[in-house]
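Asks: Sequence first, predicted coordinates after that:
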Amino acid sequence: MAQRKKKSVNLVQRPIRRLAPIFILPTFLAFVIGFVWPFMQGIYLSFCSFNTPRDAKWEGFSNYVKVFADPGFRNAFKNTALFAIVSIILINVIAFMIAYALTQKMRGANLFRTVFFMPNLIGGVVLGYIWSMIFDGILKQYGTYLTSNGTYGFWGLVILVAWQQIGYMMIIYIAGLQAVPEDMLEAARIDGATGSQSLFQVIIPNVMPSITTCTFLTLTNSFKMFDQNMALTGGLPSVIQNGAKLNITELLALNIYSTYNIGKKYHGVAQAKAVVFFILVAVLAITQQAATRAKEVQQ
C-alpha cells in the first residue's frame with residue numbers, strides 16, 4: 001500500500017518537475033529585465049558622468065568622494081536616522097496598543113479595524129498636500145507655517161506617516177495576537193498572573209514574529225520616505241551652515257532626487273548617492289532582522 005502511494009506521488013511530481021522551468025522562466029526573465037539589469041546598470045552609472053546612459057563617461061570613484069563630502073547628504077542622513085527612530089517607536093507602540101484593544105472582544109471591533117486601516121489606502125503625495133493644509137491652517141493662527149520651522153516640519157512628517165501606517169501595522173499585530181495559544185493564557189490566569197504579567201511574559205514573546213515584521217517594514221519605509229516628504233515640506237526650511245545650504249526636513253530619498261535635478265554634471269553623484277542609500281538600507285534591514293529573529297529563537 002505504501003509503495004503504491006509512493007509511486008502515485010512520483011507520477012504526479014514527475015511532470016511537475018519536468019514542466020517547472022517553463023512556468024518559472026517568464027517570471028525569472030521579468031525579474032532580470034525589470035530589476036537585475038537596471039540595478040547593475042545603476043551601479044555602473046554611479047562611476048560615470050552622464051546625461052543619459054548612452055553617453056556615460058567613466059569617472060572612477062570621484063562621484064563617491066563627492067557624496068561623502070556633501071554636507072547636504074550627511075544632514076539628510078541625520079534627519080532620516082532620527083525620523084526612523086521616532087517613527088519605529090511611535091508607529092509600533094500605538095499599532096500594538098490598538099491591536100491589543102481590538103482583540104479584547106469589544107463591540108464594533110471590525111468597524112474600528114476598517115477605519116484605522118483606511119489611511120493606508122491613500123497615496124503619499126495626496127496625504128502630504130492634505131496634511132500640509134491642515135497644519136498650515138492651525139499654525140497660521142500663531143503666525144507661522146510648517147515650512148518655516150524645522151521642528152514643526154519634522155513632527156508634521158512624523159504625524160503624517162504614523163497616521164498612514166499605524167492601521168497597516170495594526171492588522172499584522174492583530175494576526176499575531178490571535179495566534180497566541182489560548183491554553184498558555186489560561187495557564188497564566190490559573191497561576192495568578194496579572195494582566196501586565198500575561199502581556200509581557202506570555203503575549204509579547206508569542207507576538208515576536210509580528211514585531212519583527214512590523215519593525216522591518218517601519219524601518220525600511222522610514223528610510224525610503226520620499227513622496228510624503230516632498231509633498232509636505234519639500235525639505236524646507238533651509239539654512240546656511242559653513243557656506244553650504246542645508247534643508248532642515250530633507251530626508252535621504254528627497255536629497256537624491258534634488259541632487260539629480262541640479263544639473264547634468266550631478267547625475268552621476270545622484271546615482272552614487274542612490275547606491276550608497278541602497279547599501280545603507282540593506283545593511284540596516286538585515287541587521288534588524290537578525291536581531292529580532294534572535295529574540296524569537298530565545299523566546
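Replies: All right, it came through fine.
Asks: could you pull out the helices for the stretch 151-299 of the chain?
Replies: 182-190, 195-198, 204-206, 208-223, 227-232, 252-262, 267-298 (DSSP state H, counting those that start in this stretch).
Asks: Quick check, Val281 in contact with Asn221.
Replies: No: counting by CB atoms under 8 Å, Val281 does not reach Asn221; the two are 10.4 Å apart. All C-beta spots, glycine's among them, are computed from the backbone N, C-alpha and C.
Asks: neighbours of the residue nearest to Ala76 when sequence neighbours are not counted, just the number please.
Replies: Counting by CB to CB, 6 or more residues apart in numbering, Asn255 is the residue found nearest to Ala76 once chain neighbours are left out, at 3.8 Å. Neighbours of Asn255 under the rule other CB atoms under 10 Å: 26.
Asks: From Ala274, how far out is Asn255?
Replies: Between Asn255 and Ala274 the computed distance is 10 Å (CB to CB, to the nearest Å).
Asks: Repeat that for Ile248.
Replies: Distance from Ile248 to Ala274, by CB to CB: 22 Å.
Asks: Of those two, give the one with the bigger neighbour count.
Replies: Taking neighbours as other CB under 10 Å, Ile248 and Ala274 compare with Ala274 leading, 21 against 18.
Asks: and the residue nearest to that one when sequence neighbours are not counted, what is it in contact with?
Replies: Distance criterion CB to CB, 6+ apart; nearest residue to Ala274, sequence neighbours excluded, is Ile256 at 5.4 Å. Contacts here follow CB atoms under 8 Å, 6 or more residues apart in numbering; on that basis Ile256 touches 270, 273-274, 277.
Asks: try 10 Å this time
Replies: 67, 73, 76, 226, 269-274, 276-277 (CB atoms under 10 Å, 6 or more residues apart in numbering).
Asks: so which of those comes closest to Ala99?
Replies: Using CB to CB, Phe226 comes nearest to Ala99 of these, at 27.7 Å.
Asks: Around that closest one, how many other residues sit close by?
Replies: Neighbours of Phe226 (other CB under 10 Å): 16.
Asks: Can you give me the neighbour number for the nearest residue to it once chain neighbours are set aside?
Replies: Spatial nearest neighbour of Phe226, excluding adjacent residues (CB to CB, 6+ apart): Ala253 at 3.8 Å. Residues lying near Ala253 (other CB under 10 Å) number 21.
Asks: mind listing what Ala253 touches?
Replies: 76, 80, 223-227, 229-230, 273-274, 277, 281.
Asks: How about stretch 176-185, which residues are buried there?
Replies: Neighbour-count burial for stretch 176-185 flags 176-177, 180 (criterion: 16 or more other CB atoms under 10 Å).
Asks: that older thread, and the contacts of Ala253 as a markdown table, adding distance to Leu121 and pLDDT?
Replies: Converted to a markdown table, the contacts of Ala253 look like this (distance: CB to CB, whole Å; pLDDT from 0 to 100):
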| residue | distance to Leu121 | pLDDT |
| --- | --- | --- |
| Ala76 | 29 | 96 |
| Thr80 | 25 | 97 |
| Phe223 | 22 | 94 |
| Lys224 | 19 | 92 |
| Met225 | 18 | 94 |
| Phe226 | 19 | 95 |
| Asp227 | 15 | 93 |
| Asn229 | 20 | 96 |
| Met230 | 20 | 95 |
| Lys273 | 31 | 97 |
| Ala274 | 28 | 96 |
| Phe277 | 27 | 96 |
| Val281 | 25 | 93 |
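Asks: of the residues you listed, buried ones?
Replies: For the contacts of Ala253, buried by 16+ other CB under 10 Å: 76, 80, 223, 225-227, 229-230, 273-274, 277, 281.
Asks: from the residues you listed, which single one is nearest Phe39?
Replies: The closest of the buried ones among the contacts of Ala253, once distances to Phe39 are taken by CB to CB, is Ala274, at 10.2 Å.
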